[in-house]
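[1] mind looking at a prediction? Sequence and model below.
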Amino acid sequence: MRWEKMATNVLKCPQMTYLDQKLIYKKGKTDRLVCFYFYLCFMKNNSPKERVLEAATLLFHQYGYNSTGINAVIEEAKVAKSSFYDHYKTKDDLAVAYLKARHDYWFIGLTAGVEKMRTVKERIIAAFTYIIEMNEKEGYRGCAFLNMLSELPEHKGKIYDVIHQHKTELQAYFKALVTDENRAFMLYMLFEAGLTESQVYQNSACVKKTIELLKQDLI
């Protein structure tokens, strides 16, 4: 089948996760049965711990943290309940692992595009372009960390600490990108606004406008 050949090619990419595969076919309007081929390949090659984390990533992305129960993750990952608890003692532990993996995945993508550019201006534009790329890839879901934050009953604890650390590192990233501290702060705030506005309006118009202003040196 055509999709079977396509799946084989896609799976050759080491950065291609189960979530990536699901989203590609969602964007292409291909139903879940087509994704089943991906699912079998994924389940065959990954450890139970990895399958749980990938299943959580998919379900948290689609339904949110509070609406996703442990049993749903276990069913999606096709692991035994005892195997789940061998690796994650609580749902909060799974959330922490999910956010840490998301942080690494997200920053790898961000820096990969930025570091290809030579000038500071080009690097800044590449950073904002990354928002557009992620919007298209993930269906305008916004910031996974702020989405998780909105579901926490209080802003403290180990989940909050990971969210706080992610935002702190993003601020530091912009400070390292430009020498002027005030401009770095402004760029960070525009970046955060771009993530939020994209989710609210379900498009990248705000980010594209920001990029145009950056190209004209107006900000």
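    Perfect, thanks for sending it.

[2] mind listing what Glu169 touches?
    His103, Phe107 (C-beta atoms under 8 Å, 6 or more residues apart in numbering). All C-beta spots, glycine's among them, are computed from the backbone N, C-alpha and C.

[3] domain assignment for the protein?
    2-87, 95-215 (automatic domain parsing).

[4] pick out the shakiest of those, pLDDT-wise.
    Of all those, mean pLDDT reaches its minimum on domain 2-87 (a mean of 69).

[5] quick one: Ala95 from Ala101, how far?
    Ala95 sits 11 Å away from Ala101, going by C-beta to C-beta, to the nearest Å.

[6] show me which of the two is the more surrounded one.
    A direct count of neighbours by other C-beta atoms under 10 Å for Ala95 and Ala101 places Ala95 higher, at 23 against 16.

[7] which element is the more buried one on?
    helix 91-114 (DSSP states H and E).

[8] what strand or helix carries Glu154?
    Applying DSSP H and E, one finds Glu154 in no helix or strand.

[9] that one: what's it in contact with?
    Tyr160 are the contacts of Glu154 under C-beta under 8 Å, 6+ apart.

[10] look up phi and psi at it.
    Glu154 adopts backbone torsions of phi -150, psi 150, taken as degrees, to the nearest 10.

[11] for Lys137, see how far away it is.
    Here the criterion is C-beta to C-beta. By it, Glu154 lies 32 Å from Lys137.

[12] which stretches in this protein count as helices?
    2-10, 18-27, 32-45, 48-63, 70-77, 81-87, 91-114, 120-138, 144-149, 158-177, 181-201, 205-215 (DSSP state H).

[13] any buried residues in the fourth one, and which?
    Going by neighbour count (16 or more other C-beta atoms under 10 Å), the buried part of helix 48-63 is 48-61.

[14] can you check what angle separates that helix from helix 120-138?
    Between the axes of helix 48-63 and helix 120-138, defined by axes from the mean of the first three to the mean of the last three C-alpha atoms, to 10 degrees, the angle is 90 degrees.
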